[in-house]
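> how would this look folded up:
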Amino acid sequence: MVFGKIEYLNLLPFHVFMKRFTSSSQQKMSMQYYRGVPAQVNKKFTSRRVDAAFISSVSAKKYRHVGLGIIAKAEVQSVIVVPSANNEADCESASSNVLANILHIKGKVLIGDKALKYALSSCEYIDLAEEWHRKYNLPFVFALLCFHKDVKLYRSIEKQFLKQKIKIPQYILEKASQRTKIDKKEINNYLNYISYRLDSKAKLGLKKFYSLT
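Here you go, the predicted model:
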């Protein structure tokens with residue numbers, strides 16, 4: 001079984017959970033990881049070289065998924081546009097480039113850890129999730145946990161992940177901080193902006209996004 005692993009900070013709690021989940025189950029022996037940015041993982045998943053992953057919402061519509069996603073209730077800081085007269089998409093992204101077009105926001109799209117790092121050092125940016133919320137009063141769903149097979153496994157992952165409050169060990173936070181050059185306190189603050197439960201309001205936000213694409 002191959003799981004697409006996106007090593008952005010927004011999935012850090014999920015990766016901590018999965019490490020524990022696989023070490024306490026028989027999945028440990030069969031779970032392998034393909035590491036890549038969202039656009040790469042999307043392609044691997046749609047070509048069935050990856051069995052499951054958090055797939056960009058714009059690519060996830062026709063695939064089975066559980067009630068887990070990467071969701072911003074309002075501000076997110078890691079999906080931004082740096083204003084400019086010229087549009088420039090982020091090659092790592094899928095949904096965020098589309099979202100910028102829907103919101104008619106011009107400039108350079110930045111996603112992930114590099115976007116967060118920029119947002120923490122500058123006020124000259126537009127937060128796309130915040131703009132979406134301001135316009136539609138809905139959360140924005142950036143990705144969904146999709147799968148090709150083993151529905152019972154992913155239902156179990158959904159149930160167990162959502163019922164736990166994941167505490168990130170200090171050594172993992174330290175490694176993440178060193179990798180991204182973002183302070184551990186800022187990482188913890190940022191994770192407060194991220195929700196993973198695909199609740200009724202998030203589903204409405206997703207439905208609205210699909211109606212506009």
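
> can you tell me the element the closest residue to residue 145 other than its chain neighbours falls in?
Once flanking residues are discounted, residue 145 sits nearest to residue 68: 4.1 Å by CB to CB, 6 or more residues apart in numbering. Bear in mind the C-beta positions are built from the backbone N, C-alpha and C, glycine included. Element membership of residue 68, judged by DSSP states H and E, is strand 65-72.

> strands of the chain, start to end?
Under the criterion DSSP state E, strands of the chain are mapped to 2-5, 32-35, 52-56, 65-72, 79-83, 107-111, 126-127, 140-147, 194-197.

> may I have the strands that pair with the fifth one, each with its orientation?
It stands for strand 79-83. Take DSSP bridges as the rule and strand 79-83 pairs in its sheet with strand 107-111 (antiparallel), strand 126-127 (antiparallel).

> check the offset of stretch 40-49 from the chain's centre.
Distance, stretch centre to chain centre, for stretch 40-49: 16 Å (CA atoms, centre = their mean, to the nearest Å).

> got a list of contacts for that stretch?
2, 4-6, 34, 36, 50, 52-56, 59, 63, 92, 94, 146, 148 (CB atoms under 8 Å, 6 or more residues apart in numbering).

> pull out the buried members of those residues.
For the contacts of stretch 40-49, a burial check counting by 16 or more other CB atoms under 10 Å picks out 2, 4-6, 34, 36, 50, 52-56, 59, 92, 94, 146.

> other SSEs contacting the strand holding residue 68?
Strand 65-72 sits against strand 52-56, strand 140-147, helix 151-163, strand 194-197, helix 200-212, with contacts defined as 3 or more CB pairs under 8 Å, 6 or more residues apart in numbering; DSSP states H and E.

> and the first one, how far out from the chain's middle?
Here strand 52-56 is found 9 Å from its chain centre; the criterion is CA atoms, centre = their mean.

> now that strand against helix 151-163, angle please.
For strand 52-56 against helix 151-163, the angle by axes from the mean of the first three to the mean of the last three CA atoms, to 10 degrees is 70 degrees.

> show residues contacting strand 52-56.
Here strand 52-56 makes contact (CB under 8 Å, 6+ apart) with 1, 3-6, 11, 14, 34, 38-39, 41-42, 44-45, 63, 65, 68-70, 93-95, 142-148, 150, 154.
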